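# Build me a structure from this.
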Amino acid sequence: MPLQPISRRSVPDAVFDQLFQELVSGNVAPGDSLPSERRLAEVLGVSRPAIREALQRLAHAGLVEVRQGDTTTVRDIRRAGGLDLLPRLLFAGGEIDLGVARSILEARLHVGPKIAELAAERRGPETERKLRDAIAALGESTDPVDRQRHALTFWEHVTDAAGSVTFRLMFNSLRAAYEPALDALAYVMAVEVDRTEAYDALATAVADGDAPRARLCGKELLGPATEALIDVINLLEESDEPA
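Alright, predicted model coming up:
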């Protein structure tokens, strides 16, 4: 494994990051065994407790299986991992993984309208006020990145109103993956965040308890920017293909 010594000793986070990169890079396959704790400590230049803690974190993330007194076995990340891995997978290797980015956008486009539908069915007494406050903040802001954050706050309130812990955890993971790219996405996302009337329409549908309308408004709001980003990803992938 082409691992590099870590400059600071006893840094489990740094150990975790290096091992994670190895696991998602394809250099090790599901079913392979990692080097022993002793060997990893020698290669990385850290203590064995730091290695042990990093391996336990990988095990909790579902990426490896650690057996006491036995080998550490690599698991299939797509079968064993959770949504919390999305931010790391998106920027694995220091660059955006286009396939992961596309999957996040696809989930956003298909899950968002359903969340809006549930929000209309389960809205609470404070839902409309929170949505209107987020829209007001969105309309007052002139900074492209700040406007995206207000849009995320709007969807956070919609998701909370939907009353689904699963959708809330999905939102958390998608947001964590999305936020590091806010600057890069500012231009494309203007297609969405500049449409305050679309946010108003969705807020009204949710407040009125009109679930079918809320679902349609969610799709109409998320569709243009999401489809534009997917088109960009497709073009980037085509440009990377060998002639």
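# Distance check, Gly139 against Ala116.
Gly139 sits 20 Å away from Ala116, taking CB to CB, to the nearest Å as the criterion. (Each C-beta comes from the backbone N, C-alpha and C, glycine too.)
# before we move on, which element is Val188 in?
Counting by DSSP states H and E, the element that carries Val188 is helix 182-193.
# Check which helices and strands that helix sits against.
Helix 182-193 sits against helix 144-162, helix 211-240, with contacts defined as 3 or more CB pairs under 8 Å, 6 or more residues apart in numbering; DSSP states H and E.
# hmm, back to that, more neighbours: Gly139 and Ala116, which one.
Here Gly139 and Ala116 are compared on neighbour count by other CB atoms under 10 Å; more neighbours surround Ala116, at 28 against 15.
# Helix or strand: which one has that one?
Going by DSSP H and E, Ala116 is in helix 98-122.
# now Ala50
helix 48-60.
# Now do the buried residues in the helix or strand just after that helix.
Where DSSP H and E defines the elements, the next helix or strand beyond helix 48-60 is strand 64-66. By neighbour count with 16 or more other CB atoms under 10 Å, strand 64-66 contains the buried residues Val64, Val66.
# So for strand 64-66, mean pLDDT?
Computed over strand 64-66, the mean pLDDT rounds to 89.
# what's the angle from the helix holding Ala116 to helix 211-240?
Counting by axes from the mean of the first three to the mean of the last three CA atoms, to 10 degrees, helix 98-122 lies at 180 degrees to helix 211-240.
# now helix 98-122, how far from the chain's geometric center?
Distance, stretch centre to chain centre, for helix 98-122: 12 Å (CA atoms, centre = their mean, to the nearest Å).
# ok, now stretch 126-138?
Mean-position distance between stretch 126-138 and its chain equals 24 Å (CA atoms, centre = their mean).
# can you check stretch 77-86 too?
How far stretch 77-86 lies from its chain's middle: 11 Å, per CA atoms, centre = their mean.
# what do you get for stretch 25-42?
The answer for stretch 25-42 is 26 Å, by CA atoms, centre = their mean.
# Beyond the helix holding Ala116, next helix or strand please.
Scanning forward in sequence from helix 98-122 by DSSP H and E, the next helix or strand is helix 127-140.
# Which strands and helices lie in contact with that following helix?
helix 144-162, helix 196-208.
# As JSON lines, these with mean neighbour count and mean pLDDT would be great.
Shown next, in JSON lines, are the helices and strands packed on helix 127-140 (neighbours: other CB atoms under 10 Å; pLDDT from 0 to 100):
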{"stretch": "helix 144-162", "mean neighbour count": "21", "mean pLDDT": "96"}
{"stretch": "helix 196-208", "mean neighbour count": "20", "mean pLDDT": "97"}
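# roughly how far apart are the closest residue to Glu128 other than its chain neighbours and Ala119?
Leaving aside its sequence neighbours, Glu128 sits nearest to Ala207 (CB to CB, 6 or more residues apart in numbering; 4.0 Å). Distance, Ala207 to Ala119, by CB to CB: 10 Å.
# Pipe the helices and strands packed on helix 127-140 into TSV and attach distance to Pro180 per row.
Compiled in TSV, those are given as follows (distance: least, CB to CB, whole Å):
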stretch	distance to Pro180
helix 144-162	11
helix 196-208	24
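# how about those helices, which one is nearest Arg215?
Across the helices and strands packed on helix 127-140, Arg215 has its closest neighbour in helix 196-208 (8.4 Å, CB to CB).
# between that closest one and helix 144-162, how many degrees?
For helix 196-208 against helix 144-162, the angle between stretch directions is 10 degrees (the same axes, to 10 degrees).
# check contacts around Leu185.
Gln148, Tyr178, Leu229 (CB atoms under 8 Å, 6 or more residues apart in numbering).
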